[in-house]
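# Everything below, folded, please.
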Amino acid sequence: MKKIKFRLSRLFGAMIGVVMVTFVSDAVRRTLVDVDLEDCVKDQGSFYHVGTIDKPDGEVLNNPTDDKGVEKLGSSPKAYGKENIYVGVLVPANENIPIYRDETISSVNLADVKNEFYSVLGESLPLNDDAAEAFNAMMAGYGNATDLADFAVYGTDSTVAGEGSPCPELYPDCVSGNTVDVALVGWGSVISYDGMDAEGWVVENCSNYGYIVRYPTGKSDVTGESYCPWHLRYVGQPHALIMAANNFCLEEYVEYLKQFSQESPLESKVGETVYKIYSVPSAGDVTYIDAPLKGNFDVSGDGKSGYIVTVRE
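Predicted structure coming up:
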């Protein structure tokens, strides 16, 4: 049997051949497939293209990320029409400022989902989901704190107001689906809620549940309405707590937020959740607002000139 001779020179030759073939193949691939990474940036292992986006009408609009590059990374622009200035939990509706219901938000009949801590007067009491959940939690808190269950929801979006009613006036923000008008159940009768005595717990604590007294005491020169403890408005967190801490009515709060921008937002912490809040001026018929790709956010109109963005981190 012949011995097989191992030639080291042949091995080196083969390795050089493999390397040359690899370089030639890669050069051909780069020529045929031109990959331009200059207009891409990398964040946490993912590539986001910085180029253009399509407007709803098919026109091409420069992507807002082009302006600030990496500063806007992790967000996607969303379009808001000028009518959205009058949609949202923070629109301070009055006789001069309209409010439109957000049709993207689901609602429930409060009469169907109520708990044992209060009564309802009526069979149809539509209320937005978050507002209904928060109201049930508030009534449970009131019942546990006072051992009372004497509140009754008199109306939500179509309260019967006027002479003979425990709710003297119907307010324009009722159509938003975020308001509750309450009364008290007495001995065989229903009486108006004045915010006093043990029932005053609701006025003092409603902000913990995302509610405000829409027309608080001492603010009639701003709101145009006298103190009205029976008309409660859901604005959510952290807005209700910030308003309570600063003694703001809704008009004052919306005006206060105009000083905060996306680059310099108002920060607030509720429990373990950090919120960033800022205003975006309207750009006209369509305003593009950067929505974070990670985390939740809400946009509410301010009823005048722009939008209020709330980001939950």
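# Tell me, what's the model's pLDDT at R29?
Looking at R29, its pLDDT stands at 44.
# typo on my end, it should be A14
50.
# Could you do V19 as well?
V19 is given a pLDDT of 46.
# Repeat that for the one 4 residues further on.
Confidence per residue is given as pLDDT, and for F23 that number is 48.
# G164 now?
82.
# 156 is where my numbering starts, stick with that
Okay, using 156 as the starting number, the last item reads as G319.
# what about it, how many neighbours?
Number of residues near G319 (other CB atoms under 10 Å) recorded here: 7. C-beta coordinates here come from the backbone N, C-alpha and C atoms, glycine included.
# Then N299?
So N299, with other CB under 10 Å, has 10 neighbours.
# Can you list the low-confidence ranges for the stretch 256-405 of the chain?
Within the stretch 256-405 of the chain, not a single segment meets pLDDT under 70.
# just the helices in it please.
265-268, 284-301, 356-360, 375-378, 394-401, 405-411 (DSSP state H, counting those that start in this stretch).
# Could you export those as TSV, including distance to S230?
Output for those, formatted as TSV (distance: least, CB to CB, whole Å):
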stretch	distance to S230
helix 265-268	35
helix 284-301	24
helix 356-360	36
helix 375-378	34
helix 394-401	22
helix 405-411	24
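# Looking at the ones you listed, spot the one closest to E238.
Across the helices of the stretch 256-405 of the chain, the minimum distance to E238, taken as CB to CB, is reached by helix 405-411, at 17.6 Å.
# Kindly format the C-alpha coordinates of that closest one as CSV.
Only the C-alpha atoms of helix 405-411 are listed here, as CSV (Å, rounded to 0.1, in the frame of the first residue of the first chain):
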residue,chain,number,x,y,z
LEU,A,405,-60.1,72.9,33.6
GLU,A,406,-59.8,76.2,31.7
GLU,A,407,-56.7,77.2,33.9
TYR,A,408,-55.1,73.8,33.5
VAL,A,409,-55.4,73.7,29.7
GLU,A,410,-53.9,77.2,29.5
TYR,A,411,-51.1,76.1,31.9
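# The closest residue in space to G317 that isn't next to it in sequence: neighbour count?
Among residues not flanking G317 along the chain, P323 sits closest, at 7.0 Å (CB to CB, 6 or more residues apart in numbering). Using other CB under 10 Å, P323 has 14 other residues around it.
# isn't P323 right up against S347?
Yes. Counting by CB atoms under 8 Å, S347 is a contact partner of P323 at 7.4 Å.
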